[in-house]
Every structure is written in C-alpha cells, then in structure tokens.
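>>> just to be clear, the model below is a prediction. Sequence and coordinates:
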Amino acid sequence: MDLTSRTEHAGHTGRSCRPGPARDGRPLAALAGLLADGTRASVCLVLLDGRAWTAGELARAVGVTAATVSSHLDKLVAGGLLAEVRQGRHRYVRLAGPDAAQLIEDLSVHAGPPPRPRASLRSASAGAAMARARTCYDHLAGALGVAVTDALLERGLLQQSTGFAVTDTGVAWFADLGMDLSERSGRRPMARSCLDWTERRPHLAGRAGAALCTHALGSGWCERVGSRRALRVTATGREALAELLGMDVGATLSHTAGTA
C-alpha cells in the first residue's frame with residue numbers, strides 16, 4: 001500500500017495517523033521534585049503519624065536546624081503536600097490530607113525498606129515496635145493493622161475484590177461499637193486498601209480504617225509509644241480484639257522483628 005492509499009485508508013476507518021497532544025508533565029515533575037530532597041521526604045514520613053508538628057519538633061526529629069526545616073516546610077506547603085495550622089503565635093504543619101498520606105506511604109513501599117542503622121539496642125527496639133503496630137496517617141498499620149484487616153475479612157465484615165468494601169454486616173458491626181461510617185468526608189471512600197510498608201500486604205484505610213484507629217486509641221486498646229508512630233496494644237485491647245475479632249494479638253505480633 002503506497003502513501004496515498006494508507007492516508008485514504010486511515011480516513012476511511014476514522015483513525016488519525018497524527019499523535020494526540022502531549023500531556024504536560026511539568027506538574028508531575030514539580031511534585032516529584034518536592035520529595036527528591038531527603039530532608040523533605042523525612043519530614044513527610046514523620047508526619048505520617050497524622051498529627052500536627054511545629055518546625056522545631058520536626059527539626060529535632062529529622063536532625064536539621066529549625067531554619068533549614070522551615071525553608072523546606074514552605075516548599076511543601078506551597079506544593080500542596082502539607083497544610084499549615086496557626087494557633088496564636090505557633091505554626092504547625094500536617095499532611096494536607098488522606099490523599100497526601102497515601103502518596104507518601106505508597107512511595108515508601110516502592111522505595112523498599114530503609115537501610116538498617118548501625119545496630120544499637122534502642123534503634124532495633126524502635127524499629128521492631130514500628131513493624132509490630134503503628135499508625136499510617138490515621139489508620140492502623142504494621143503487623144497489627146494487617147491482622148485486624150484479615151480478621152475483618154474472615155468474618156465477612158469486609159470483602160475484597162479489586163479493593164476493600166465494608167459489607168452490610170460490617171457497617172452494623174462498626175455502628176455497634178459507636179462508629180458511624182455513613183458520614184462522608186469529602187471524596188474519601190468508606191474503605192480502601194493500603195499496601196503496608198513493612199508487611200507488604202494490604203491493611204484497611206479509608207473512613208472505616210480511620211474510624212477503627214480512632215476507636216482503638218480512644219478506647220484504650222492501643223497507646224502511642226514515645227513520639228513516633230509506633231503503638232502498643234494494651235491488655236484491654238488484647239481482650240477486646242480477642243472477643244470481637246477472635247484475634248490472638250500476642251501470637252500475631254510475636255513473629256515480627258523487622259524494622260520500619
């Protein structure tokens with residue numbers, strides 16, 4: 001087929017040989033540039049605990065000066081990854097929302113585990129605590145988060161196909177515990193699968209995951225360990241999870257010795 005015939009054939013079939021307009025990659029490049037700096041990336045990882053931090057607190061957490069971290073915070077706020085909260089003379093920053101948290105956690109999974117620090121008992125203990133149980137922005141993660149998700153699936157409170165969905169039985173179960181999942185928060189889904197950073201398996205996020213984490217902390221099932229994202233399951237929590245979900249928390253967490 002010559003050039004004229006090929007042109008006529010393309011017109012006859014309704015397909016154009018011309019490529020469509022190229023998508024503008026500059027916004028994506030700008031977003032990637034925000035996280036291409038180690039200090040800014042570390043700040044975002046610290047803020048995965050879901051709380052608001054001051055510049056001084058973040059500077060100490062990531063090991064830089066307050067002046068240095070402040071310039072990085074300005075860029076992260078301007079880029080939409082962080083939100084600024086002012087209270088009196090104090091300036092706090094937090095992740096801009098669940099979408100920003102999901103982006104950071106997903107990138108962390110793709111980046112793989114961080115290099116192991118030179119061994120010390122303290123760092124090893126902190127890493128193991130994070131791997132056992134922690135918050136991922138506003139939901140449960142680590143071995144605990146994955147095990148709770150598995151228990152919800154086994155009892156038909158969640159179902160999984162391409163993602164997670166709360167069943168009618170699950171909605172009633174959450175409601176019995178005082179968690180109303182009907183209240184919408186923007187476009188946030190009721191349930192979402194979030195690939196766990198350390199377990200490499202999904203845990204529950206979305207409104208249901210956030211409600212469960214809030215309930216676990218508010219009811220004393222879990223308590224925070226130090227100033228990081230690590231959690232400890234209390235005796236009350238072990239009893240509640242055994243009664244409500246048939247979980248043996250001790251057996252679930254005893255195998256975990258990795259770092260986060």
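All right, it came through fine.
>>> so which residues of the stretch 151-260 of the chain form strands?
Taking DSSP state E, counting those that start in this stretch to define them, one finds strands in the stretch 151-260 of the chain at 158-160, 164-166, 192-195, 202-205, 222-224, 231-233.
>>> lowest average pLDDT across those strands?
For those, the weakest mean pLDDT is recorded on strand 192-195, namely a mean of 88.
>>> just checking, what packs against that strand?
Judged by 3 or more Cβ pairs under 8 Å, 6 or more residues apart in numbering; DSSP states H and E, strand 192-195 is in contact with helix 98-111, strand 202-205, helix 206-218. Every residue, glycine included, has its C-beta placed from N, CA and C.
>>> now the ones you listed as TSV including mean neighbour count?
Converted to TSV, the helices and strands packed on strand 192-195 look like this (neighbours: other Cβ atoms under 10 Å):
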stretch	mean neighbour count
helix 98-111	17
strand 202-205	26
helix 206-218	21
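>>> closest one to Gly33 among the strands of the stretch 151-260 of the chain?
strand 192-195 (24.1 Å; Cβ to Cβ).
>>> neighbouring strands for that closest one, and are they parallel or not?
Its sheet considered, strand 192-195 pairs with strand 202-205 (antiparallel) by DSSP bridges.
>>> re earlier: which of the helices and strands packed on strand 192-195 has the lowest mean pLDDT?
helix 98-111 (a mean of 82).
>>> quick one, that one and helix 206-218 angle?
90 degrees (axes from the mean of the first three to the mean of the last three Cα atoms, to 10 degrees).
>>> any chance you could give me helix 98-111 in PDB, C-alpha atoms only?
C-alpha atoms of helix 98-111 as PDB (Å, rounded to 0.1, in the frame of the first residue of the first chain):
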ATOM      1  CA  PRO A  98      -5.500  11.300  53.300                       C
ATOM      2  CA  ASP A  99      -4.500  11.600  49.600                       C
ATOM      3  CA  ALA A 100      -1.100  13.100  50.500                       C
ATOM      4  CA  ALA A 101      -0.600  10.400  53.200                       C
ATOM      5  CA  GLN A 102      -1.500   7.700  50.700                       C
ATOM      6  CA  LEU A 103       1.000   9.100  48.200                       C
ATOM      7  CA  ILE A 104       3.800   9.100  50.800                       C
ATOM      8  CA  GLU A 105       3.000   5.600  52.100                       C
ATOM      9  CA  ASP A 106       2.800   4.200  48.600                       C
ATOM     10  CA  LEU A 107       6.100   5.700  47.600                       C
ATOM     11  CA  SER A 108       7.600   4.300  50.800                       C
ATOM     12  CA  VAL A 109       6.500   0.800  49.700                       C
ATOM     13  CA  HIS A 110       8.100   1.200  46.300                       C
ATOM     14  CA  ALA A 111      11.300   2.600  47.800                       C
END
